[in-house]
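>>> my questions concern the predicted model and sequence given below.
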Amino acid sequence: MAEPPGTLHVLRLGHGAGMNQTLNHSTDPNSADGCTPTIPADIEAVIFDFDGTLADTTTSHEQALRASLRLHSLDLDPTWYRRHVGLSIHDLLAALPGAQHLPHDEIIQQSRTHLLASVHDLAPIACVVALLHTARRAGLPCAIASGASRLLVDPGIDALGLGHEFTAVVTREDVAHGKPAPDLYLAAARRLGVPPQRCLAVDDAYDGLTSARAASMHVLTVVNRHLAAAGDGRRCGPEVLPDGPGVNRAPIRR
C-alpha cells in the first residue's frame, strides 16, 4: 500500500519486529501539526542537541560568525560551515582554513555579542519540541548535550520556555572533547543515570550524529525542521549520516 506524501520512516519500535513507525508532518516547517513522534519501548531517556535541533539557530550562528570574521578580513564559506556546524566555535575556528592565526577569543566574543542581542527572537523547531513533550509525558528524563557554550545555551533554553523540561544540561565547557567525540552525549547519559544504549539522541549535524553514534545511542536527525531516521537513505544534506560500519569521519585534530 502506498504511503501518503510527506511520510518519513522515523523509529523502529521496541515491539513488533520488522515494523517501522512513521511520522506524518505538515507542509509548514514551523508547525507541529501532524507531527506525532513515537519513542521506542526500550528507550529510557532522550538527549537533545540545542542549536539547529531544538532551536532554529543555524542561520543566526552562521551570520554572527561571518560578521565577526569579516572584521578580520576572512570570509566564511557557507558549505564548509554547514558541514562543521556541530562543532563548538572554538573547534570551528581551530579547523577553519585561514583562521589559525586570528585572535580567536576576540572573534568568539564578537560572535556571542551578536547572538545574545537576539536570543529572545529564537524560534523553536516544532517537531523536536513535540518529541520533547512526548518524552516528558511518558516520564522519561531529558537532557541537553550541546557543543556550544553555556553562556549561549542557558539563555536560549529560557527564551524557548523549556528550562523546566531538562534534568541536565551539558555544554562544551563540561567535557574534555567536543563533538564528534562522544564526550557530551556520554556526560549527559551519566547525569541522567541511564546507560547510553538506552538513550535516544537527537542532533541535526554530521559531527553531532557521529558523536551520538560513538556513544552507542539510538539516533534521530533533523531534516528541514522535521525528524528523520539518520539512516533512512534520504540524503537531504551533509548532516544526514548513513548507517553501517566505516561511516564515522576521523575527528578533527585539536
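Good, I have the coordinates. Numbering: from 1, shown residues only.

>>> measure how buried Arg137 is and give me the count.
Neighbour count for Arg137, taken as other Cβ atoms under 10 Å: 8. For the C-beta atoms, the positions are set from N, CA and C on the backbone; glycine is no exception.

>>> for it, which residues are in contact?
For Arg137, no contacting residues are found, by Cβ atoms under 8 Å, 6 or more residues apart in numbering.

>>> could you report the pLDDT at it?
Predicted confidence (pLDDT) for Arg137: 94.

>>> so what pLDDT did Gly98 get?
93.

>>> where does the prediction get shaky in the protein?
1-37, 231-254 (pLDDT under 70).

>>> any idea how far Arg150 lies from Val128?
In this view, Arg150 and Val128 are 20 Å apart by Cβ to Cβ, to the nearest Å.

>>> neighbour count winner among these two?
The neighbour comparison of Arg150 against Val128 (other Cβ under 10 Å) goes to Val128, with 26 against 15.

>>> assess the claim that that one and Asp203 are in contact.
No. The pair Val128 / Asp203 is not scored as a contact, 10.1 Å apart, by Cβ atoms under 8 Å.

>>> run a quick neighbour tally on Asp158.
Using other Cβ under 10 Å: Asp158 sits among 13 other residues.

>>> give me the secondary structure label for it.
Following DSSP: H, G, I helix; E, B strand; the rest coil, Asp158 is assigned to helix.

>>> and it, how far is that from Leu87?
Asp158 is 24 Å from Leu87, by Cβ to Cβ.

>>> do the same with Ala135
26 Å.

>>> can you give me the strands in the stretch 51-200 of the chain?
Using DSSP state E, counting those that start in this stretch, the strands of the stretch 51-200 of the chain run over 142-145, 168-170, 199-202.

>>> would JSON lines of these with mean neighbour count be doable?
Listed next are the strands of the stretch 51-200 of the chain as JSON lines, based on neighbours: other Cβ atoms under 10 Å:
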{"stretch": "strand 142-145", "mean neighbour count": "28"}
{"stretch": "strand 168-170", "mean neighbour count": "21"}
{"stretch": "strand 199-202", "mean neighbour count": "28"}
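
>>> just put these in a markdown table and tack on distance to Thr113.
What follows is the strands of the stretch 51-200 of the chain, written out as a markdown table (distance: least, Cβ to Cβ, whole Å):
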| stretch | distance to Thr113 |
| --- | --- |
| strand 142-145 | 23 |
| strand 168-170 | 22 |
| strand 199-202 | 29 |
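
>>> so which of those strands is nearest Ala187?
Comparing those against Ala187 with Cβ to Cβ, the closest turns out to be strand 168-170 (4.8 Å).

>>> the closest one packs against which elements?
On a contact count with 3 or more Cβ pairs under 8 Å, 6 or more residues apart in numbering; DSSP states H and E, strand 168-170 meets strand 142-145, helix 150-159, helix 183-192.

>>> how does it look with 10 Å?
Judged by 3 or more Cβ pairs under 10 Å, 6 or more residues apart in numbering; DSSP states H and E, strand 168-170 is in contact with strand 45-48, strand 142-145, helix 150-159, helix 183-192.

>>> and the closest residue to Ala187 other than its chain neighbours, what does it touch?
Nearest residue to Ala187 in three dimensions, chain neighbours excluded: Val170, at 4.8 Å (Cβ to Cβ, 6 or more residues apart in numbering). If you count contacts by Cβ atoms under 10 Å, 6 or more residues apart in numbering, Val170 has them with 47, 143-147, 150, 153, 183-192.
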